[in-house]
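K.L.:
Just to be clear, the model below is a prediction. Sequence and coordinates:
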Amino acid sequence: MSDLPEVLVAALEEFEGRVTAVEDLRSEPAFRAEREAARDFIVWLKEQPGLGFSFLYLLTALDNYPDEPRFEVVYGVRSLELNLDLRLNVPLRGDDAVLPSVSDHFHAALWMEREVYDMFGVRFEGHPELTRILMWEGFEGHPLRKDYPLLGNTLGTAGYVGKGGKR
């Protein structure tokens with residue numbers, strides 16, 4: 001990706017081997033980071049003079065089941081100074097789906113990390129209140145995982161009862 005702004009090329013040098021540029025269909029800068037470098041890279045992008053990627057507009061996950069790495073956490077940040085969006089993908093193994101929280105640097109991450117935890121089961125270390133946000137307490141499983149049963153909760157625990165008393 002030779003059309004990256006010089007400052008982002010410097011970022012790749014700073015995080016050499018831990019963050020790599022990847023091709024993006026929309027011609028936006030896109031990166032892939034190792035789990036250990038993801039938080040440092042996002043914070044670096046926000047605090048680096050001349051960059052100002054201070055607006056976290058996306059934090060979600062993808063489930064690649066049955067492939068490994070199973071999950072891919074996707075961050076989207078915007079620089080109002082550069083009028084530029086940037087995407088960061090972080091692959092995670094299914095048996096160790098844990099990332100450090102960025103909620104202390106991006107207030108919006110407080111809710112987005114809870115949603116990813118609730119729907120996919122990816123945990124964020126250091127999050128001040130990592131609890132369910134969309135599903136009720138006591139709900140079994142994570143409904144956006146590809147191995148979640150198509151007919152819903154089959155474990156016999158309390159769940160939603162639809163119209164007419166049917167699940």
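P.N.:
Thanks, I have the structure now.
K.L.:
Would you state the helices of the protein in chain order?
P.N.:
In the chain, the segments counted as helices under DSSP state H are 6-14, 35-47, 109-120.
K.L.:
So which other helices or strands are in contact with the shortest one?
P.N.:
Just to be clear, that refers to helix 6-14. The contact analysis (3 or more Cβ pairs under 8 Å, 6 or more residues apart in numbering; DSSP states H and E) places helix 6-14 against strand 19-22, helix 35-47. C-beta here means a position set from N, CA and C on the backbone, and glycine is covered the same way.
K.L.:
The longest one now?
P.N.:
Contact analysis of helix 35-47 by 3+ Cβ pairs under 8 Å, 6+ apart lists helix 6-14, strand 71-79, strand 84-92, strand 98-100 as its packing neighbours.
K.L.:
out of the ones you listed, nearest to H127?
P.N.:
Closest to H127 of the helices and strands packed on helix 35-47 is strand 98-100 (Cβ to Cβ; 9.1 Å).
K.L.:
Which of the helices of the chain sits closest to Y65?
P.N.:
The closest of these to Y65 is helix 109-120. By Cβ to Cβ, the value is 10.5 Å.
K.L.:
chain center to the closest one, what's the gap?
P.N.:
Distance of helix 109-120 from the chain centroid (Cα atoms, centre = their mean, to the nearest Å) equals 8 Å.
K.L.:
Please apply the same query to stretch 8-15.
P.N.:
On Cα atoms, centre = their mean, the centre of stretch 8-15 falls 21 Å from that of its chain.
K.L.:
Now it: buried residues?
P.N.:
For stretch 8-15, burial by neighbour count (16 or more other Cβ atoms under 10 Å) applies to L8, A11, L12, F15.
K.L.:
among those, which two are most distant?
P.N.:
Farthest apart among these by Cβ to Cβ are L8 and F15. That separation is 10.7 Å.
K.L.:
Most tightly packed of the helices and strands packed on helix 6-14?
P.N.:
Mean neighbour count, computed with mean count of other Cβ atoms under 10 Å, is highest for helix 35-47 among those, reaching a mean of 18.
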